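Participant: Predicted structure and sequence below. I'll ask about it afterward.
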Amino acid sequence: MLQSVWEKTLPQLLTLRAIIRKFTELLAFELFIFTVVGIHTTVLVAQTFAEVQVRGEWFFSAMDAVFLCVYVLEALLKIIALDLDYFRNPWNDIDFFIMIMMMLDFVLPLLLSMGQATHSDASSLVRVLRVFKGIRAVRVLRLLLTLQILENLQELTSTFALSGPSIGAILLLMFTFLFMFSVDTHDLFQSSDPQHFGELFDTIFTLFQLFTLDDWSFIYLDCVQTGASYIIFFLMAYIIIEYFTFLNLVIAVLVDNFQLALIKRQELQKHHWGKRAPSRGFLSPLTEGQKATKLEDDEAILAQLIKNMEGPITPTEKQLLFTYLQQMASIEHLQQKFRSQAATTDKIIDSFFEVGDTSIRYGE
């Protein structure tokens, strides 16, 4: 019986799911969510003013409940429409995380007022959850990235995404050298300057401060007064490796990926315009929609060539001539692809040398 009921209701459920999916893909639905996100961000900014927060505490509490209902409804509709594919989109993961944090921030004070948890534990947990309130403003970034007019912002964001693995490797090297220098300077200068190098964690904090070139001369003078003037060699090596080498590597990775993103956008634009105005010569590359017409044109040209030739031609010779012309068309197509790839390589090399020349000028 249950199976028969399920078989009857399954088509209706699938139809309902398709309707919900179309609804979540509507532009009006996206505009509504973005409007709610914008209002929510404005409310968060208003809550930073103490006087406004005190006078409108009841209003902000009611608005938080409204925003929470909208976000929960949005997540439920998208999960029904997309199933587990909902969590494959990083933006959906961020939205879901923000919704969970808002739910906990809304439920925990109620549990605290009902006496379901101790005051100290619940208060500390509420303070931790309130830290995540600022994360709600991240959804505004999604709104900005969807605007087509902000192409530079989109490319900048894609540059950070492409640079993530390389910058992560550089940061790993930076903190490795930081730890190595911390161990050495702690062993050598803990008696000379116990305030900065007395403990290992103090040493790590001091070297991180030196990474910003902050007060390194005062640390040197303090060690000189205690007879440890040779610390200058450690300071110079540390600053050259960490600041001038690794930090410039991070900047170089960002600049290089940004140039590649610009070149990629230019190539996509050329490809887009190339599709709009394809060439129609006999030896030009073919598209899928033109193959039938192009084949007829080639046969007509082949017939004209055979007509102009002196003497009879056998079917085998005709087939060989037609194959020869097809091979020539393929060669021309490959030459065009090679020219396009060579032009892209030249642009990448020119951009690389332009970045190098700019760095040299700034260095001078």
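Facilitator: It's in. This is a predicted model, so every value here is computed, not measured.
Participant: CA atoms for contacts and neighbours, from now on please.
Facilitator: Will do.
Participant: ranges for the helices of the stretch 201-350 of the chain?
Facilitator: 216-225, 231-239, 247-276, 291-308, 315-363 (DSSP state H, counting those that start in this stretch).
Participant: what's the least confident stretch among those?
Facilitator: With a mean of 58, helix 291-308 has the lowest mean pLDDT of those.
Participant: Could you verify my assumption that residue 202 touches residue 190?
Facilitator: No: counting by CA atoms under 8 Å, residue 202 does not reach residue 190; the two are 10.1 Å apart.
Participant: Between these two, which contacts overlap?
Facilitator: When contacts are counted by CA atoms under 8 Å, 6 or more residues apart in numbering, residue 202 and residue 190 are jointly contacted by residue 196.
Participant: Quick check: residue 343 vs residue 108, distance?
Facilitator: Distance, residue 343 to residue 108, by CA to CA, to the nearest Å: 61 Å.
Participant: Neighbour count: the two, which is higher?
Facilitator: In terms of neighbours (other CA atoms under 10 Å), residue 108 is the more surrounded of residue 343 and residue 108; the figures are 18 against 12.
Participant: so what's that one scoring on pLDDT?
Facilitator: 72.
Participant: do the same with residue 77
Facilitator: 90.
Participant: ok, now which ones touch it?
Facilitator: Contacts of residue 77 (CA under 8 Å, 6+ apart): 20, 21, 24.
Participant: Pull out the buried positions in the strand or helix carrying it.
Facilitator: In this assignment (DSSP states H and E), residue 77 forms part of helix 57-82. Neighbour counts over helix 57-82 (16 or more other CA atoms under 10 Å) mark 60, 64, 67-68, 70-72, 74-75, 77-79, 81-82 as buried.
Participant: mind putting the residues you listed in TSV, distance to residue 197 included?
Facilitator: Below are those laid out as TSV (distance: CA to CA, whole Å):
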residue	distance to residue 197
60	48
64	48
67	50
68	49
70	53
71	50
72	51
74	53
75	51
77	56
78	54
79	54
81	58
82	55
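Participant: Outline the domain layout of this structure.
Facilitator: Using automatic domain parsing, the domain parsing of the chain gives 2-146, 152-269, 280-363.
Participant: Out of the ones you listed, which is the most enclosed?
Facilitator: domain 152-269 (a mean of 16; mean count of other CA atoms under 10 Å).
Participant: For residue 76, give its distance to residue 341.
Facilitator: Distance from residue 76 to residue 341, by CA to CA: 47 Å.
Participant: Touching stretch 159-172 from outside, list them.
Facilitator: 246, 249, 250, 253, 254, 257, 258, 261.
Participant: pLDDT (mean, whole number) over stretch 83-92?
Facilitator: Here the average pLDDT along stretch 83-92 is 81.
Participant: Quick check: end-to-end length of it?
Facilitator: One end of stretch 83-92 sits 12 Å from the other (CA to CA).
Participant: re earlier: quick check, nearest of the contacts of stretch 159-172 to residue 320?
Facilitator: residue 261 (46.0 Å; CA to CA).
Participant: Tell me what angle the helix or strand encompassing residue 42 forms with helix 57-82.
Facilitator: Element membership for residue 42, per DSSP H and E: helix 27-46. Angle of helix 27-46 versus helix 57-82, following axes from the mean of the first three to the mean of the last three CA atoms, to 10 degrees, is 150 degrees.
Participant: Just the CA coordinates for helix 27-46, please, in CSV.
Facilitator: Extracted C-alpha coordinates of helix 27-46, given in CSV (Å, rounded to 0.1, in the frame of the first residue of the first chain):
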residue,chain,number,x,y,z
LEU,A,27,15.7,37.0,-11.4
ALA,A,28,12.9,38.3,-9.1
PHE,A,29,13.8,35.8,-6.4
GLU,A,30,17.5,36.7,-6.6
LEU,A,31,16.7,40.4,-6.5
PHE,A,32,14.5,39.8,-3.4
ILE,A,33,17.3,38.0,-1.6
PHE,A,34,19.8,40.6,-2.5
THR,A,35,17.5,43.4,-1.3
VAL,A,36,17.1,41.6,2.0
VAL,A,37,20.9,41.2,2.3
GLY,A,38,21.3,44.9,1.7
ILE,A,39,18.8,45.8,4.3
HIS,A,40,20.3,43.4,6.7
THR,A,41,23.8,44.9,6.2
THR,A,42,22.4,48.4,6.8
VAL,A,43,20.8,47.2,10.1
LEU,A,44,24.2,45.7,11.1
VAL,A,45,25.9,49.0,10.5
ALA,A,46,23.2,50.8,12.4
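Participant: No further queries at this time; thank you.
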